[in-house]
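>>> have a look; sequence and predicted model below, questions after that.
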Amino acid sequence: MKIVVVMGSPRKLETLKVVQRFEEKLVAQCEVTFNYIFLKDVCIKPCLGCFICLEKGEEFCPQRDDDRVKIFDLLMNADGVIFASPNYSLQVTALMKNFLDRMAYVFHRPCFFHKAFIPIITQGVYGGEEIMKYLETLGSFWGFNVTKGVLVTTPPGVRLPAEETKIQRKITEGVHRFQKTLTGNPSPKPNIKKFIIFNLVCAFKPYGPKDRDYNYFKDKGWLEASYYYETKLPLIYRIIGTFVRTKFSKEGAKRQMLLSRLRKQDLER
Ligand SMILES: Cc1cc2nc3c(=O)[nH]c(=O)nc-3n(C[C@H](O)[C@H](O)[C@H](O)COP(=O)(O)O)c2cc1C
């Protein structure tokens, strides 16, 4: 199985060491190969905030002559993905955030289904928990099968044996979780929150035949589907899904009508 690591650290030190230990332990458990993408060594131009990827399509991005598509293709060909970053000022690094912004259209058009995902965060003291949750949420919106991340405190220099033991334990636990996701059902039943969000997104999606997101959802068959992919859903899910769609489709259509009226007025002005 192919694992792709997106490494957000601007240096090859603590975070890399943790991911390499993770790799060693996973390789000992199952047949995997690791491919590292060091964001510091590739070219990802900054997002200009033009909304073109969201509205027209990512292939029209004015910054497209960089390495973003190559990285996207590597992620699409992977069985498992690791986003690794140190905690810099209570967030992922600027390198990682820039990459995530350039990929933001995936929130609108999720595509990484059936792939395992885990964030790995290192920190000096405090704040990594929120970063880990942030990447877990992001991974879920992008379609990944998300595993609870690994957060390790890696004080620089000499460490106490107890600190070292704790780091090892956290990595080992993370490896077990990730392996379970990697080798488990690639099309798992979503939790109820994810399922409701799917139905809400579909209910609010019909923006019209020229809309990029609408066409993406339509082409995938999601506007009529029970979920993004075939999976066993309990009856209660189906009832909730129908209720959400019926209730919010009307609101979605009303909102659409209002918006197009406002757009027309705006053009006439
Ligand atoms: C600019 C900068 C900001 C940092 N901010 C935090 C922080 O907010 N919280 C924290 O616990 N550690 C912080 N750290 C410490 C790093 O997260 C920690 O040393 C990490 O393991 C470094 O990983 P690296 O060797 O891959 O860069 C910061 C380090 C740097 C360089």
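All right, it came through fine. Everything numeric in this text was worked out from a predicted model, so none of it was measured.
>>> got a list of what the residue in the stretch 151-269 of the chain positioned nearest to the ligand touches?
Nearest to the ligand in the stretch 151-269 of the chain, going by CB to the nearest ligand atom, is residue 154, at a distance of 4.2 Å. From N, CA and C alone the C-beta is placed, and that goes for glycine too. By CB atoms under 8 Å, 6 or more residues apart in numbering, the residues touching residue 154 are 14, 17, 18, 122, 123, 124, 167.
>>> closest to residue 187 among those residues?
Nearest to residue 187, judged by CB to CB, of the contacts of residue 154 is residue 18 at 30.1 Å.
>>> number of nearby residues for that closest one?
Using other CB atoms under 10 Å, the number of residues around residue 18 comes to 24.
>>> tell me the SS of it?
Following DSSP: H, G, I helix; E, B strand; the rest coil, residue 18 is assigned to helix.
>>> for residue 65, same thing?
Assignment for residue 65 (three-state DSSP): coil.
>>> which residues of the stretch 101-250 of the chain fall in helices?
105-108, 128-141, 161-183, 192-204, 212-220, 235-268 (DSSP state H, counting those that start in this stretch).
>>> how about the residues of the stretch 1-150 of the chain near the ligand?
9, 11, 13-15, 86-90, 122-127 (CB under 6 Å from any ligand atom).
>>> can you list the low-confidence ranges for the protein?
In the predicted model, the chain carries pLDDT under 70 at residues 206-209.
>>> 80 instead?
205-210, 252-253, 256, 260 (pLDDT under 80).
>>> how is it carved up into domains?
Residue ranges for the domains of the chain, per automatic domain parsing: 2-183, 192-268.
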